[in-house]
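**Student:** Build me a structure from this.
(one chain, ligands or ions: 1)
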Amino acid sequence: MNEINLKVTGMTCGHCVSSVTKALQAISGVEQAEVTLKPGAAKVRGTAKLEDLVAAIEAEGYKAEV
Ligand SMILES: [Cu+2]
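**Tutor:** Down below sits the predicted model:
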């Protein structure tokens, strides 16, 4: 089990946070996803690959980097 911390940019409100959280939780291998607005960040636990996490966040219209 890994813990991956990402910097997420582009989130402006609680709705953004829940969109990113749901997108991350939908990825297979994600056990837990914690997303915060300020600062924009995501903490993900599980076995999912980093590139899958980034792709899911970008598909929602936000930017993610380590
Ligand atoms: Cu929003």
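**Student:** Does the longest helix anywhere in the chain reach the ion?
**Tutor:** In the chain, assigned by DSSP state H, the helix with the most residues is helix 14-25. Yes: residues of helix 14-25 contacting the ion under CB under 5 Å from the ion: His15, Cys16. Bear in mind the C-beta positions are built from the backbone N, C-alpha and C, glycine included.
**Student:** Following element in sequence after that helix, please.
**Tutor:** Using DSSP states H and E, the helix or strand that follows helix 14-25 in sequence is strand 30-36.
**Student:** quick check: angle from the helix or strand that that next one is followed by to strand 30-36?
**Tutor:** Toward the C-terminus, strand 30-36 is succeeded by strand 41-46 as the next helix or strand (DSSP H and E). With axes from the mean of the first three to the mean of the last three CA atoms, to 10 degrees defining the directions, strand 41-46 sits at 170 degrees from strand 30-36.
**Student:** Can you give me the buried ones in the one helix or strand Leu6 maps to?
**Tutor:** If you go by DSSP H and E, Leu6 is part of strand 2-9. Within strand 2-9, the residues that qualify as buried are Ile4, Leu6, Val8, counting by 16 or more other CB atoms under 10 Å.
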